[in-house]
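**Student:** output the structure for:
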Amino acid sequence: MKAYLESSEYIDCKHSLVAAKAAELAEGCLTDEAVAKRCFEFVRDAIKHSWDYRMNPVTCKASDVLIYGTGYCYAKSHLLAALLRANAIPAGLCYQRLTAQTDGPPYCLHGLNAVYLKQHGWYRIDARGNKPGVAAEFSPPIEKLAFPIVDALERDFPEIWADPLTLVVKALNRNKTVEQVFENLPDIEP
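**Tutor:** Coordinates of the predicted model:
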């Protein structure tokens, strides 16, 4: 569990602004589940998805996502992991391979989280941000993710990573606008 509680370059849970927001969100909560739900809903609802809002800058570090209030799904998952870790709740990163726009190619990775809840164990949550046709919720033990797997070449990767995948970090750091990221979304061939 130690790896899922540590601060890192992109999940910088010890950053002063991240730690302060995490403490604010945990205020008055009596259980890890209540804290996790508050953190999830904050990231899902208050942080704008970069592509949905065509919002720059491109963010990757959790602290930058919080500062600028925007991020692709990957960056939002970095912030959610950081807020949970700052509250001593183990959190990791998960990925799905999904169609980028419609059924069939092109494909891309989608970033989400897993949180370890005392009552339920590992539970996956997707703070991507809701919109028409996308309705992710926090309702353990039932997963209510943003996107179901519907295509034969889509994948729901079972791994829980402590740090973001290198190809995700590269996509966010090498591309300077949300449009450039969208044109170069990371993917893993099945």
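
**Student:** and the spatially most central residue of the chain, what pLDDT?
**Tutor:** Centroid-nearest residue in the chain, with CA atoms, centre = their mean: Ser77, separated by 1.6 Å. pLDDT recorded at Ser77 is 98.

**Student:** same question, the one 5 residues further on
**Tutor:** If you check Ala82, the pLDDT there is 98.

**Student:** in three-state terms, how would it be classified?
**Tutor:** At Ala82 the chain is in helix, as set by DSSP: H, G, I helix; E, B strand; the rest coil.

**Student:** please name the residues that touch Ser63.
**Tutor:** Going by CB atoms under 8 Å, 6 or more residues apart in numbering, Ser63 touches 12, 15, 17-18, 82. Just so you know, the C-beta spots here come from the backbone N, C-alpha and C atoms, and that holds for glycine as well.

**Student:** tell me the pLDDT at Val150?
**Tutor:** Note for Val150: predicted pLDDT of 88.

**Student:** and it, what element?
**Tutor:** Assigned by DSSP states H and E, Val150 belongs to no helix or strand.

**Student:** mind starting the numbering at 304 from now?
**Tutor:** Let's use 304 as the start, then, which means that last one is Val453.

**Student:** Lys473 - nearest residue in space that isn't next to it in sequence?
**Tutor:** What sits nearest to Lys473 in space, not counting adjacent residues and going by CB to CB, 6 or more residues apart in numbering, is Pro489, at 7.5 Å.

**Student:** try Glu440
**Tutor:** Distance criterion CB to CB, 6+ apart; nearest residue to Glu440, sequence neighbours excluded, is Lys447 at 3.9 Å.

**Student:** relative to Gln422, how far out is that neighbour?
**Tutor:** 17 Å (CB to CB, to the nearest Å).

**Student:** measure how buried Glu492 is and give me the count.
**Tutor:** Counted with other CB atoms under 10 Å, residues neighbouring Glu492 total 7.

**Student:** now swap in Leu396 and tell me
**Tutor:** Leu396 is flanked by 24 other residues according to other CB under 10 Å.

**Student:** go through the protein and flag its longest strand.
**Tutor:** Ordering each strand of the chain by length in residues (DSSP state E) puts strand 410-420 first.

**Student:** now for that one, which elements pack on it?
**Tutor:** Here strand 410-420 touches helix 335-349, helix 376-389, strand 394-402, strand 424-428, helix 469-477, going by 3 or more CB pairs under 8 Å, 6 or more residues apart in numbering; DSSP states H and E.
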